[in-house]
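Enquirer: Quick one, structure for this:
(chains A, B, C and D)
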Protein chains: 2
Amino acid sequence: MRDPEATLRQHDLPVTAQRLAVLRAVSQHPHATADDLAESVRSEIGAISRQSVYNVLNVLTDKGIIRRIQPAHSPALYEDRVGDNHHHLVCRSCGKTEDVCCAVGEAPCLHAHDHRGFRIDEAEVIYWGTCPGCQQKTRS
Amino acid sequence: MRDPEATLRQHDLPVTAQRLAVLRAVSQHPHATADDLAESVRSEIGAISRQSVYNVLNVLTDKGIIRRIQPAHSPALYEDRVGDNHHHLVCRSCGKTEDVCCAVGEAPCLHAHDHRGFRIDEAEVIYWGTCPGCQQKTRS
DNA sequence: CATTATTTTTGACAAAGTCCAAATCTGGGT
DNA sequence: ACCCAGATTTGGACTTTGTCAAAAATAATG
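Expert: Coordinates of the predicted model:
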């Protein structure tokens, strides 16, 4: 994230210490949970309420400044990278999450165009598997 | 579901009234939540504890007899149709969920083969959009 | 039928978020 | 600089979805 303050202003959001800190935290810790981010923010600006973390994350998500992903069995994760149609790879055993470029090309997934009268606006893809670390542990 | 009782026996699961009823309920109400299913079962056999609904759903899911899907902002949904690699279409505004045949062909999605050392075993795809009914409401 | 392991039930508990009202702060006008 | 209105932050209670654990009930086997 180049300039968190400018980003907020561009979206007509009043600039607050909490928002700046959360935005920086998301930028520095991709795929972190709200709780992780709260901790991170606290170490940066001293304190923030749980509710504010959620408030900020919700506003930023609504404005499209950050993206929320919600894999099964996991609290929501947040990331900085928006608008590039990438997907995610999640380890079933440890939850480790990585970005994956869209397997099929550009916004390919939306090809299930308007199925059954639905107006489709996003195809969310999660690849489930086992990460290298957990493969080793399991192998024994 | 042809014969719930036979299905249970095939998987070495003791046959109980609760299991039969839950299995029938899942079969009759695709994409229902645990709560919906509990209601449905109660209307069929009179009573069932919340925990038993979860117990049964978990066992059946583990055995691969039913499938659990967990869209964001929604409790888990269960369905009968397993092993045919279909995906889901979810309405952002009312939550209506429909099955979609895999857009790209047979188990196509797994083509992000073993990315970054992960051993991938499933590609989960959810198409997000607006269902016909909600499009009309919004249009006004 | 009697036994034993498995299920079901009940009630407490946990995690992740949301709701609400009060206190505080931001941004814009003077 | 200062004030004001509206937006944000806070703290605490609450909701939802689901799990844990122990006791009571039940299914399958001999």
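
Enquirer: From now on I want contacts and neighbour counts done on CA atoms only, so please keep to that.
Expert: Noted.

Enquirer: care to break chain A down by domain?
Expert: With domains defined by automatic domain parsing, chain A comprises A:4-69, A:84-139.

Enquirer: Rebuild those as a markdown table, extending it with mean pLDDT, mean neighbour count and distance to residue B:23.
Expert: Converted to a markdown table, these look like this (pLDDT from 0 to 100; neighbours: other Cα atoms under 10 Å in any protein chain shown; distance: least, Cα to Cα, whole Å):
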| stretch | mean pLDDT | mean neighbour count | distance to residue B:23 |
| --- | --- | --- | --- |
| domain A:4-69 | 97 | 17 | 31 |
| domain A:84-139 | 80 | 17 | 26 |
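
Enquirer: Counting by contacts, list what the longest strand anywhere in chain A packs against.
Expert: In chain A, assigned by DSSP state E, the strand with the most residues is strand A:119-130. Contact analysis of strand A:119-130 by 3 or more Cα pairs under 8 Å, 6 or more residues apart in numbering or on different chains; DSSP states H and E lists strand A:87-91, strand B:119-130 as its packing neighbours.

Enquirer: nearest to DNA strand C, of the ones you listed?
Expert: DNA strand C lies closest, by Cα to the nearest atom of the strand, to one member of the helices and strands packed on strand A:119-130: strand A:87-91, at 15.4 Å.

Enquirer: Please name every helix or strand in contact with that closest one.
Expert: strand A:97-100, strand A:119-130.

Enquirer: Present those as TSV; the columns should include distance to DNA strand C.
Expert: What follows is the helices and strands packed on strand A:87-91, written out as TSV (distance: least, Cα to the nearest atom of the strand, whole Å):
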stretch	distance to DNA strand C
strand A:97-100	15
strand A:119-130	17
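
Enquirer: residues in contact with residue A:27?
Expert: By Cα atoms under 8 Å, 6 or more residues apart in numbering or on different chains, the residues touching residue A:27 are A:1, A:79, A:80.

Enquirer: which among the residues you listed end up buried?
Expert: Buried residues within these, counting neighbours by 16 or more other Cα atoms under 10 Å in any protein chain shown: A:79, A:80.

Enquirer: So for the residue nearest the centre of chain A, what's the pLDDT?
Expert: Closest residue to the average C-alpha location of chain A: residue A:78 at 2.4 Å, with Cα atoms, centre = their mean. For residue A:78, the pLDDT comes out at 98.

Enquirer: Please apply the same query to the one 3 residues further on.
Expert: According to the per-residue confidence, residue A:81 scores 94 in pLDDT.

Enquirer: Surely residue A:84 is within a strand?
Expert: No - judged by DSSP: H, G, I helix; E, B strand; the rest coil, residue A:84 forms no part of a strand; its state is coil.

Enquirer: any idea how far it is from DNA strand D?
Expert: Applying Cα to the nearest atom of the strand, to the nearest Å, the value for residue A:84 to DNA strand D is 26 Å.

Enquirer: OK, contacts around that residue?
Expert: By Cα under 8 Å, 6+ apart, residue A:84 has no neighbours at all.

Enquirer: ok, now how distant is it from residue B:90?
Expert: Separation of residue A:84 from residue B:90 (Cα to Cα, to the nearest Å) stands at 22 Å.

Enquirer: ok, back up a step: distance to residue B:131 for the domains of chain A - can I get that in TSV?
Expert: Output for these, formatted as TSV (distance: least, Cα to Cα, whole Å):
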stretch	distance to residue B:131
domain A:4-69	20
domain A:84-139	4
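
Enquirer: which stretch among those domains comes nearest residue B:94?
Expert: domain A:84-139 (12.0 Å; Cα to Cα).

Enquirer: And for residue A:61, nearest residue in space, chain neighbours not counted?
Expert: Using Cα to Cα, 6 or more residues apart in numbering or on different chains and skipping residues adjacent in sequence, the residue nearest residue A:61 is residue A:67, 5.6 Å away.

Enquirer: and if you look at residue A:96?
Expert: Of all residues not flanking residue A:96 in the chain, residue A:90 sits nearest, at 5.7 Å (Cα to Cα, 6+ apart).

Enquirer: picking up where we left off before, okay, the helices and strands packed on strand A:87-91 in JSON lines with distance to residue A:12 next?
Expert: Shown next, in JSON lines, are the helices and strands packed on strand A:87-91 (distance: least, Cα to Cα, whole Å):
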{"stretch": "strand A:97-100", "distance to residue A:12": "29"}
{"stretch": "strand A:119-130", "distance to residue A:12": "25"}
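
Enquirer: Show me what from chain A comes close to chain B.
Expert: Within chain A, the positions near chain B by Cα under 8 Å from any Cα of the partner chain are A:70-72, A:91, A:100, A:103, A:109-112, A:115, A:117-132, A:135.
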